[in-house]
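Participant: give me a 3D structure for the following:
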Amino acid sequence: MEHSDTVKVFGFRQFDLEAGVMRRSRYKATRHTIDEHLGGEVMEGTEQDVSAHELDAQGRYHRVATGWGALD
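Facilitator: As a prediction, the model looks like this:
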């Protein structure tokens, strides 16, 4: 995978109006998406490089559960 094909996604928090607290998102997103569209707070240190084609149309990255994996 070439470097230009990857993007950084971050975990982030958003304010839950009903509960009155900050909650961690269940997915990651690009910094631009978080800042400009989701109104969340980036959690520094949670960055992950992913392939750009793994983002949805809104710039969000949902990790696909792969199960337990191989047992050795």
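Participant: pLDDT below threshold where in the protein?
Facilitator: 1-4, 67-72 (pLDDT under 70).
Participant: and stretch 30-50, how far out from the chain middle?
Facilitator: What separates the centre of stretch 30-50 from the centre of its chain is 6 Å, taken as CA atoms, centre = their mean, to the nearest Å.
Participant: now stretch 54-61
Facilitator: 9 Å.
Participant: end-to-end on it?
Facilitator: End-to-end distance of stretch 54-61: 6 Å, with CA to CA, to the nearest Å as the criterion.
Participant: distance of the spatially most central residue of the chain from Glu18?
Facilitator: Computing the C-alpha centroid of the chain and ranking residues by CA atoms, centre = their mean puts Lys28 first, at 0.8 Å. Lys28 sits 23 Å away from Glu18 when distances are taken as CB to CB, to the nearest Å. For every residue, glycine as well, the C-beta is placed using N, CA and C.
Participant: name the residues of stretch 17-32 that are buried.
Facilitator: Using 16 or more other CB atoms under 10 Å as the test for burial, stretch 17-32 gives 25, 28-30.
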